[in-house]
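Chemist: predicted model and sequence follow; I will ask about them next.
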Amino acid sequence: MPKSPNELTGEVISLFAAVNRRYAQESEAAAATHELTPLQAKALLATEDPVPMRRIADRLHAEPSNVTAIIDRLESRGLVGRSPDPGDRRVKLVAATAAGRTVIADLRARMPFAAAPLDRLTTHQRESLRELLQLMLDT
């Protein structure tokens, strides 16, 4: 017997929650092994190559002032360093140190699902999922 729209919606919402929970649990556990918060770990993962603070803020969906405190903490632990952007000396670039790159590699190894949650989907399936999610947000 076909499911009602309300039943289907409930299943989809439940699946969204399960994906989010799995991502969060895996990220939290990996971060905790390095005494990092999940947000600190996510910021560190964004610094494999030198990146402006603004881009880290965008990736974290956070205010730049909040990102400054996160980067301060990572820098105090020797995981990242800051330097002026050669193209615009007003901009600070953040890059992982050698110790930071070691932690990044370990975080990625501990987060196979969080690092690549869409791996089991084909390119076509990913495109379809993106379009459907965008359609939900456009309404």
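Modeler: Cool, the structure landed.
Chemist: which element follows the helix or strand of the chain with the lowest mean pLDDT toward the C-terminus?
Modeler: When the helices and strands of the chain are scored by mean pLDDT, DSSP states H and E, helix 112-115 comes last with a mean of 88. On the C-terminal side of helix 112-115, the nearest following helix or strand under DSSP states H and E is helix 123-138.
Chemist: in that next one, what counts as buried?
Modeler: Under the neighbour-count criterion of 16 or more other Cβ atoms under 10 Å, helix 123-138 has nothing buried. Bear in mind the C-beta positions are built from the backbone N, C-alpha and C, glycine included.
Chemist: same thing with stretch 61-79?
Modeler: Of the residues in stretch 61-79, 62, 67, 70-71, 73-74, 77, 79 count as buried by neighbour count, 16+ other Cβ under 10 Å.
Chemist: pull the distance from stretch 106-120 to the chain's centre.
Modeler: Taking Cα atoms, centre = their mean, to the nearest Å, one finds stretch 106-120 lying 11 Å from the centre of the chain it belongs to.
Chemist: got it, and stretch 42-61?
Modeler: Offset of stretch 42-61 from its chain centre (Cα atoms, centre = their mean): 9 Å.
Chemist: nearest to Ala115 among the buried residues of stretch 61-79?
Modeler: Distance ranking of these against Ala115, using Cβ to Cβ, places Leu79 first at 18.1 Å.
Chemist: inside helices: which ones of the buried residues of stretch 61-79?
Modeler: Cross-referencing those against helices under DSSP state H gives 67, 70-71, 73-74.
Chemist: which of these lies closest to Val103?
Modeler: The shortest approach to Val103 among those belongs to Leu74, at 9.3 Å (Cβ to Cβ).
Chemist: got the contact list for the closest one?
Modeler: Leu74 makes contacts with 40, 43-44, 47, 80, 100, as judged by Cβ atoms under 8 Å, 6 or more residues apart in numbering.
Chemist: geometrically speaking, which residue is the centre of this structure?
Modeler: Centroid check for the chain by Cα atoms, centre = their mean gives Lys42 as the closest residue, at 4.8 Å.
Chemist: mind giving me the packing neighbours of the helix or strand containing it?
Modeler: Per DSSP H and E: Lys42 is located in helix 38-45. Contacts defined by 3 or more Cβ pairs under 8 Å, 6 or more residues apart in numbering; DSSP states H and E place helix 38-45 against helix 5-32, helix 53-60, helix 64-76, helix 98-110.
Chemist: that's all I had, so thanks and see you.
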